[in-house]
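Engineer: Have a look at this fold, sequence not included:
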């Protein structure tokens, strides 16, 4: 059975992994006959957002690994324990956690950097020539992991795309139900909730991403 | 378009709504051509569980409505604002939140009681003869809402079933991929993660529950 590692970034669209994207990815992986294990960096979240009000929850602090465990039903491992030889592919769901915890794109779009453990994991899959899927805003990580010119999409938001392109992403616009594939680097991207207006709309592109990633496994 | 109200109980299997069950319900509702809105009681959670260690997180307090907003991408309303005339059906996902926040079955199984706002909402759908779906451990709520003899399932756990049966549930054993329907009361139940060992397994019964609830709408 093909095995896919997921890197989570917390639990909730505004400060962690986008929950629908993560769950839809898990479902699609199993429905395509593969299996997944979840990983997350053991670090303090950039901040906590009250998802009901949209405001920063001052005086509150949460851990990315601990909150990611909520989506994984407890079954999440420290990202430091991700060994590329145990997996056939990598998938990184979106949500602001990908842009606040895995890297700091949401805080400093002009000059953002990537978490060292996320970099190590991403590079390990790239160097092993194993496929990877990045959805929603997670493709912001790509130019920090892959060589300049890596192809990917975050949908159609020109301002966001330009910031990531300045780091080296060759951005390709994509509708919500499509994927962009960089065949040389075996990287698949889809806009998901960068464009989706409903869960069923997000599911179409995410299913396609998972199917495409699995098809790229040799 | 048929409209379904969801009652959430937080965000995470051990102290809130089971995330997979909730997301799979949302997806199935849209894929069956209906729409949903999310509601949750505005109250402090019974407690917070660190989902990575499984331990109670002492000194931490979270609000059910605020945490439920994470699964709902911010779009959740106070349960007090649920008006039955705006909906065709009700669905309550499981997770320990249903047994710790919506009622206190997980704390006092022998003599548990239901949150007054959950009771009011559940009774409103029952009295309007509108269908309802309860999954996983949420059927523990049924004998406190419906007359004694209401039929439902929490799977095959005899100890748990006996405690709920003592309150008036006519418990019917069910495998994970099936539903139990009480046609007189238009109530549909399915074991979901009371029995499921994977997300794709949970999805089969949840899809069937959503389809059955929608089919019962007049």
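Structural biologist: That came in fine, so what should we check first? Predicted, not measured: the structure shown is a model, and the values here were computed from it.
Engineer: burial measure for residue A:215, as a count.
Structural biologist: By other C-beta atoms under 10 Å in any protein chain shown, the residues close to residue A:215 number 11. For glycine as for every other residue, the C-beta is placed from the backbone atoms N, C-alpha and C.
Engineer: Torsion angles phi and psi at it?
Structural biologist: Geometry field for residue A:215 lists phi and psi as phi -70, psi -30, criterion degrees, to the nearest 10.
Engineer: Let me see the contact set for it.
Structural biologist: With contact set as C-beta atoms under 8 Å, 6 or more residues apart in numbering or on different chains, residue A:215 has no partners.
Engineer: got it, and residue A:110?
Structural biologist: Applying C-beta under 8 Å, 6+ apart, the residues near residue A:110 are A:163, A:166.
Engineer: For the host helix or strand of residue A:123, buried residues please.
Structural biologist: Following DSSP states H and E, one finds residue A:123 within helix A:116-127. Residues of helix A:116-127 classed as buried by neighbour count (16 or more other C-beta atoms under 10 Å in any protein chain shown): A:117, A:118, A:119, A:121, A:122, A:124, A:125, A:126.
Engineer: So what touches that helix?
Structural biologist: A:5, A:7, A:39, A:41, A:79-80, A:82, A:84, A:87, A:89-90, A:92, A:102-103, A:114, A:131-132, A:141, A:144-146, A:185.
Engineer: tell me the average confidence for it?
Structural biologist: Averaging the model's pLDDT scores along helix A:116-127 yields 98.
Engineer: Can you name the residues of chain A that neighbour chain B?
Structural biologist: Within chain A, the positions lying close to chain B (C-beta under 8 Å from any C-beta of the partner chain) are A:11-14, A:16, A:18-20, A:23-24, A:26-27, A:30-31, A:50-54, A:63, A:65-67, A:69-74, A:76, A:193, A:198-200, A:203.
Engineer: Now do the SS call for residue A:148.
Structural biologist: Assigned with DSSP: H, G, I helix; E, B strand; the rest coil, residue A:148 falls in the coil class.
Engineer: What distance do you get for it to chain B?
Structural biologist: 34 Å (C-beta to the nearest C-beta, to the nearest Å).
Engineer: what's the answer for residue A:164, then?
Structural biologist: Residue A:164 sits at a distance of 23 Å from chain B (criterion: C-beta to the nearest C-beta).
Engineer: got it, and residue A:206?
Structural biologist: Noted for residue A:206: a distance of 11 Å to chain B, by C-beta to the nearest C-beta.
Engineer: Ok, residue A:155 next?
Structural biologist: According to C-beta to the nearest C-beta, residue A:155 and chain B sit 17 Å apart.
Engineer: Name all residues that make contact with residue A:186.
Structural biologist: If you count contacts by C-beta under 8 Å, 6+ apart, residue A:186 has them with A:129, A:130, A:131, A:132, A:216.
Engineer: and the residue nearest to the spatial centre of chain A, what are its bridge partners?
Structural biologist: Ranked by distance to the mean C-alpha position of chain A (C-alpha atoms, centre = their mean), the top residue is residue A:92 at 2.6 Å. Residues found in beta-bridge contact with residue A:92 (criterion: DSSP bridges) are residue A:134.
Engineer: Surely it is in contact with residue A:134?
Structural biologist: Yes: A contact is recorded between residue A:92 and residue A:134 when judged using C-beta atoms under 8 Å, the distance being 4.9 Å.
Engineer: From residue B:36, how far out is residue A:63?
Structural biologist: Summarising the geometry, the distance separating residue A:63 from residue B:36, computed by C-beta to C-beta, to the nearest Å, is 31 Å.
Engineer: Could you check which of the two is surrounded by more residues?
Structural biologist: Neighbour tally, residue A:63 and residue B:36, criterion other C-beta under 10 Å: the higher count belongs to residue B:36, 21 against 17.
Engineer: Which residue of chain A lies farthest from its centroid?
Structural biologist: Seen from the C-alpha centroid of chain A, the residue lying at the greatest distance (C-alpha atoms, centre = their mean) is residue A:59, 27.4 Å away.
Engineer: give me phi/psi at that one?
Structural biologist: Residue A:59 adopts backbone torsions of phi 70, psi 10, taken as degrees, to the nearest 10.
Engineer: Next: residue A:114.
Structural biologist: The phi/psi pair for residue A:114 (degrees, to the nearest 10) reads phi -110, psi 150.
Engineer: need the contact list for the residue nearest to the centre of chain A.
Structural biologist: A:6, A:7, A:98, A:102, A:122, A:132, A:133, A:134, A:135, A:138, A:141.
Engineer: Residue A:64 now?
Structural biologist: The neighbours of residue A:64, taking C-beta under 8 Å, 6+ apart as the test, are A:8, A:9, A:10, A:16, A:40, A:41, A:42, A:43, A:44, A:45, A:97, A:101.
Engineer: The last one is in contact with residue A:11, isn't it?
Structural biologist: Same thing as residue A:101. No: here residue A:101 lies out of contact with residue A:11, judged by C-beta under 8 Å, at a distance of 11.1 Å.
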